[in-house]
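**Student:** Test case, fold it:
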Amino acid sequence: MTEITDLEQRITAALDRIRRGVEALEARAAAARSASAAPAAAPAADAARLADLQAELEDERIANAQLEERVKALKLRQDGRLAELEGQVLAQNGRFATLDGELQRLRQTSADLREVNARLREAVADEQVSPELVNSALKAELDALRAVRATDRAEIDAIVGELQPLIAESE
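**Tutor:** Modelled structure (predicted):
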């Protein structure tokens with residue numbers, strides 16, 4: 001962006017110099033017109049100078065138009081890249097939200113598993129193990145294993161999601 005700003009400043013300065021030159025030339029031409037005793041060679045020199053300044057002004061206008069087109073192209077490219085990066089951030093946030101949800105589920109199933117195992121230990125200590133308690137312990141353990149698997153999958157998806165843009169750039 002500093003290059004664009006520098007170019008705009010240079011163009012503005014050049015246009016100001018040309019404008020001042022044209023104004024000075026017009027002022028001299030007006031003064032020459034008001035003074036009827038001016039020699040005939042001076043208006044011809046002023047006209048040539050005016051033509052030169054107008055040609056410079058036109059060149060600067062063309063350069064300015066070209067620079068404006070370059071600025072527009074750079075802005076479009078930058079906007080496209082920004083939209084791409086925003087999309088990547090949204091996708092990454094989605095992956096991390098999924099991973100966070102799976103981690104929360106894992107924590108809850110682990111807590112449930114610890115609770116059922118504690119009850120099972122107490123029942124074994126009291127020699128009152130019921131089939132329902134063993135069944136609920138096995139169910140809690142299966143839920144915990146599923147939660148671990150889902151968390152691992154979400155973690156893998158997050159890693160793959162981070163690696164895909166890098167792989168695409170290297171190809």
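**Student:** Could you list which residues are in contact with Asp112?
**Tutor:** Contact partners of Asp112, counting by CB atoms under 8 Å, 6 or more residues apart in numbering, are 140, 143-144. Glycine gets a C-beta too; all of them are placed from N, C-alpha and C.
**Student:** let's go with 6 Å and repeat that
**Tutor:** The contact partners of Asp112, by CB atoms under 6 Å, 6 or more residues apart in numbering, come to Ala140.
**Student:** avg pLDDT for stretch 127-146?
**Tutor:** Average pLDDT, stretch 127-146: 85.
**Student:** what do you get for stretch 95-108?
**Tutor:** The pLDDT scores in stretch 95-108 average 88.
**Student:** residues of it that come out buried?
**Tutor:** By 16 or more other CB atoms under 10 Å, the buried positions in stretch 95-108 come out as 95, 98-99, 102, 105-106.
**Student:** of all those, which comes closest to Ala168?
**Tutor:** Using CB to CB, Arg95 comes nearest to Ala168 of the buried residues of stretch 95-108, at 16.4 Å.
**Student:** residue contacts, that closest one?
**Tutor:** With contact taken as CB under 6 Å, 6+ apart, Arg95 is in contact with 157-158, 161.
**Student:** go on, Thr151?
**Tutor:** Per CB under 6 Å, 6+ apart, neighbours of Thr151: 102-103, 106.
**Student:** Give me the longest helix you can find in the chain.
**Tutor:** When the chain is scanned for its longest helix (criterion: DSSP state H), the result is helix 41-125.
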